[in-house]
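J.: Dropping the sequence and predicted coords here.
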Amino acid sequence: MTLLTVWPDTDASQVLVRTEDAEEIKGELKQLGVRFSRWPVVTGLPSEPSSDEVLAAYSSYVAKVVETEGYVYVDALHMTPADTPEWTSMAAEARQKFLAEHTHDDDEDRFFARGSGVFYLHVNGKVYGVLCEAGDLLSVPANTTHWFDMGTRPDYVAIRFFHDDDGWVGNFTGNRLAEDFPSFDELSAAR
Ligand SMILES: [Fe+2]
């Protein structure tokens, strides 16, 4: 189940909202201009699917989002755990990339076809931690301060939607707030 936790940005020990109710999550996020919806999960994808395989499995849903939101580029990527030092260091590097607060000039729109990850949105003096799971589509609007934690053993397949194909750039704010809030591992373990 998707899990939304809301804290004041000044105090990670004070939980304002904690819910696994999809409609409640949708309502909370809508106030921030964040779209959240759930698609039926397609089973039978290989453990390391190609981008085309993932996009084909969700083609009608993807087409609808592209049409509604005007995206021009869509792809899918995966993180599939392996017990090698190479994978462990690659995974740690991938995790670090967007673990500090940042913004993007474009929306960050993601669908989880497998696995999970946490988007933390820093808006209106609060932090909204959305632990997304398979079937979740979440859009972080352009210029929204946020960070993303895929955990220490990342395992997911995600579809990404872009309004341009100039490459995905993070504009880091320098705010170290992310360090004060429960990580992906901690939120997952506490369920
Ligand atoms: Fe981001």
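T.: Great, that's in hand. Predicted model, so just to flag it, every value in this text is computed and none were measured.
J.: can I assume residue 33 is in contact with residue 143?
T.: No: using C-beta atoms under 8 Å, residue 33 is not in contact with residue 143; the gap is 10.4 Å. Where you see a C-beta, it was placed from the backbone N, CA and C, and this is true even at glycine.
J.: gap between the longest strand along the chain and the chain center?
T.: Longest strand in the chain by number of residues, with DSSP state E as the criterion: strand 108-123. Offset of strand 108-123 from its chain centre (C-alpha atoms, centre = their mean, to the nearest Å): 1 Å.
J.: Report whether residue 74 is found in a helix, as I expect.
T.: No: assessed by DSSP: H, G, I helix; E, B strand; the rest coil, residue 74 does not belong to a helix; its assignment is strand.
J.: That one bridge partners, please.
T.: Assessed by DSSP bridges, residue 74 has beta-bridge partners residue 161.
J.: And residue 5, by the same measure?
T.: Taking DSSP bridges as the rule, residue 5 bridges to residue 18, residue 129.
J.: Strand partners (parallel or antiparallel) of the longest strand of the chain?
T.: In the sheet, strand 108-123 lines up against strand 126-133 (antiparallel), strand 136-140 (antiparallel), strand 146-149 (antiparallel), strand 156-162 (antiparallel) (DSSP bridges).
J.: Around the ion, pick out the residues from this structure.
T.: 98, 108 (C-beta under 5 Å from the ion).
J.: For the biggest helix by length in the chain, which residues meet the burial criterion?
T.: Secondary structure assigned by DSSP state H gives helix 85-97 as the longest helix of the chain. Within helix 85-97, the residues scored as buried using 16 or more other C-beta atoms under 10 Å are 91, 95.
J.: Could you do stretch 30-41 as well?
T.: By 16+ other C-beta under 10 Å, the buried positions in stretch 30-41 come out as 32, 34, 35, 36, 38, 39.
J.: same deal with stretch 128-135?
T.: Of all the residues in stretch 128-135, those buried under the rule 16+ other C-beta under 10 Å are 128, 129, 130, 131, 132, 133, 134, 135.
J.: Now the phi/psi pair for residue 52, please.
T.: Backbone geometry at residue 52, expressed as degrees, to the nearest 10, gives phi -60, psi -40.
J.: make that residue 10, sorry
T.: phi -100, psi -10.
J.: In contact with it: list those residues for me.
T.: residue 125 (C-beta atoms under 8 Å, 6 or more residues apart in numbering).
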